[in-house]
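Provided below for reference: sequence and predicted model.
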Amino acid sequence: MITVSEAFSILQNKLPTPQEEICALLEARKKILAQPILSPINMPPFRQSAMDGYAVCIHDSLTYQIMGEIKAGDAESFVLQPGQAVKIFTGAPVPDSAQAMIPIENVSVEQAKLLLQAAPQLQANIRPIGEQIKKGELALEKGTLLDAAAIGFLAALGVVNVPVYKIPSVGIVVTGNELLPPGAPLTYGKVYESNGLMLEAAVVDSLVQEVKRYTVKDDFESTKNTLQSAIEKHDVILVSGGISVGDYDFVAQALQELEVETLFHKVNQKPGKPLFLGKKNNKLIFALPGNPAACLICFYVYVLPTLKKSGGHSTKYGAKNTLPLGHPLSVNNSRAQFLKAKFANGRVTILSHQASSMLNTFSTANALVYLAEGNYELKENEEVAVYWVKN
């Protein structure tokens, strides 16, 4: 059995190198840029009006002759002489012969005559070529998360495809003869299956787009065949249940027959001690505890940062904050503990129903408090280590 920090270290060293792919711009949403993007154009690509108004070729009078108009998208240009103006709209190209843009609210018009309220200032309200970015300049750095703003920026530069880190696909294998799908009649000795749906929801929340659930009875051949299929089709496999040492826990034996390399099995923590990590052909296999709260804690602590890092994020294992505890706490642990907690009003409070089978308080938790093994007392407002499980 290994420590929590040893488990983090093994994960860090065994994590496959993130894979790159070329994606259409919208398909790249929420992915991480794998290479820097240089601007292919000047933005704006021409002198551009910042507002509706009049472009003028300056002279000594406040009166100008209106020669026409330019709308956004027009290719027509004017060569203005001193004392001439052209009506122009936001985003439209400003003639090279114009030296200022006058807002429409600062002028009056009498037939084809433009009357200014004050002398114009040179280059006022004109966006110069390349004001936002010049051709060849760095548009976005490698490692940038492609959110709506980044995608909009790249689209404005005419970018169609981008190099990104591939988000891993995930297979979820749920084991157990006792499990029934929600909505089925609940018969004696059966429970509703929750881990598969829970894990799929958590995986999708982590921005993984390709996820599939498999269910399997507590039978060795079925377990082995289902695991083999999942390993062939997915980058990361999450197994719920069947990893302990009971007579009908077949996951460990099946993984051994499938020649999955064991990276670790059992972590000195509570809950989540049976956690298994294996690897085959650059595929990672997590066998998570069957108890729902233990399963979800292991997901947040170990699986989530793995999915993030596999997708190119700079996430670190064991990354946590320290926050003041909202109450005193006596600790008597032979194993490190992860406790469901809620952070509010500047302090973190340990919640009730900490058993590994209980999800009721997990649904209101936004954090996990990490407590090292040992016997010690924590005072109110003493700093404790906290992992976030909700933003």
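Everything's here; your move. Here the structure is a predicted model, which means the values were calculated and not measured.

going forward, measure contacts and count neighbours with C-alpha atoms only.
Noted.

tell me which stretches of this protein form helices.
Taking DSSP state H as the test, the helices found in the chain are 4-14, 148-156, 195-205, 220-233, 251-257, 292-298, 304-310.

need these in JSON lines with mean neighbour count, distance to residue 175 and mean pLDDT, can you?
Shown next, in JSON lines, are those (neighbours: other CA atoms under 10 Å; distance: least, CA to CA, whole Å; pLDDT from 0 to 100):
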{"stretch": "helix 4-14", "mean neighbour count": "15", "distance to residue 175": "24", "mean pLDDT": "96"}
{"stretch": "helix 148-156", "mean neighbour count": "15", "distance to residue 175": "39", "mean pLDDT": "97"}
{"stretch": "helix 195-205", "mean neighbour count": "17", "distance to residue 175": "9", "mean pLDDT": "95"}
{"stretch": "helix 220-233", "mean neighbour count": "18", "distance to residue 175": "8", "mean pLDDT": "95"}
{"stretch": "helix 251-257", "mean neighbour count": "18", "distance to residue 175": "9", "mean pLDDT": "91"}
{"stretch": "helix 292-298", "mean neighbour count": "24", "distance to residue 175": "13", "mean pLDDT": "95"}
{"stretch": "helix 304-310", "mean neighbour count": "22", "distance to residue 175": "21", "mean pLDDT": "96"}
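
how many neighbours does residue 234 have?
Counted with other CA atoms under 10 Å, the neighbours of residue 234 add up to 19.

I figured it hits residue 171, correct?
Yes - with contacts counted by CA atoms under 8 Å, residue 234 reaches residue 171, the gap being 5.8 Å.

which ones are touching residue 323?
Contacts for residue 323 (CA atoms under 8 Å, 6 or more residues apart in numbering) come out as 346, 347, 348, 382, 383, 384, 385, 386.

rerun at 7 Å
Counting by CA atoms under 7 Å, 6 or more residues apart in numbering, residue 323 touches 347, 348, 383, 384, 385, 386.

neighbours of the closest residue to the fifth one other than its chain neighbours, how many?
Pointing back at residue 385 there. Spatial nearest neighbour of residue 385, chain neighbours left out: residue 322 (4.5 Å); criterion: CA to CA, 6 or more residues apart in numbering. Residue neighbour count, defined by other CA under 10 Å, stands at 14 for residue 322.

what do you get for residue 76?
Close neighbours of residue 76, defined as other CA under 10 Å, add up to 10.

again, but for residue 83
Residue 83 has 17 neighbours, counted by other CA under 10 Å.

do the same with residue 384
The number of residues packed around residue 384, counting by other CA under 10 Å, is 16.

what separation do you get for it and residue 343?
Distance, residue 384 to residue 343, by CA to CA, to the nearest Å: 12 Å.

kindly report the same for residue 105.
On the measure of CA to CA, residue 105 and residue 343 end up 51 Å apart.

those two: which is more packed in?
Neighbour count, other CA under 10 Å: between residue 105 and residue 343, residue 343 has more, with 20 against 10.

OK, contacts around the more buried one?
Counting by CA under 7 Å, 6+ apart, residue 343 makes contact with 349, 366, 367.

take those residues and lay them out in JSON lines including pLDDT and distance to residue 52.
Putting the contacts of residue 343 into JSON lines (pLDDT from 0 to 100; distance: CA to CA, whole Å) gives the following:
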{"residue": "349", "pLDDT": "97", "distance to residue 52": "56"}
{"residue": "366", "pLDDT": "95", "distance to residue 52": "49"}
{"residue": "367", "pLDDT": "96", "distance to residue 52": "51"}
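
burial of the closest residue to residue 367 other than its chain neighbours, as a residue count?
Nearest-residue entry for residue 367: residue 388, 4.4 Å, with adjacent residues in sequence omitted and distances by CA to CA, 6+ apart. Look at residue 388: counted by other CA under 10 Å, it has 18 neighbours.

who touches stretch 296-305?
Contacts of stretch 296-305 (CA under 7 Å, 6+ apart): 206, 272, 288, 315, 316, 317, 389.

and the end-to-end length of that stretch?
Length of stretch 296-305, first residue to last, CA to CA: 13 Å.

out of the helices of the chain, which gets nearest to residue 64?
Smallest distance to residue 64 across those (CA to CA): 34.6 Å, for helix 148-156.

can you show me the CA trace of that closest one as PDB?
Extracted in PDB, the C-alpha atoms of helix 148-156 (Å, rounded to 0.1, in the frame of the first residue of the first chain):
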ATOM      1  CA  ALA A 148     -15.700  31.800 -26.600                       C
ATOM      2  CA  ALA A 149     -13.500  34.900 -26.700                       C
ATOM      3  CA  ALA A 150     -10.400  33.100 -28.000                       C
ATOM      4  CA  ILE A 151     -12.500  31.400 -30.700                       C
ATOM      5  CA  GLY A 152     -14.100  34.700 -31.700                       C
ATOM      6  CA  PHE A 153     -10.600  36.300 -31.900                       C
ATOM      7  CA  LEU A 154      -9.300  33.600 -34.100                       C
ATOM      8  CA  ALA A 155     -12.400  33.700 -36.300                       C
ATOM      9  CA  ALA A 156     -11.900  37.500 -36.800                       C
END
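
now do that helix: distance to the chain's middle.
How far helix 148-156 lies from its chain's middle: 17 Å, per CA atoms, centre = their mean, to the nearest Å.

i'd like the first residue to be 432 from this point on
Sounds good: first residue 432 from here, last item helix 579-587.
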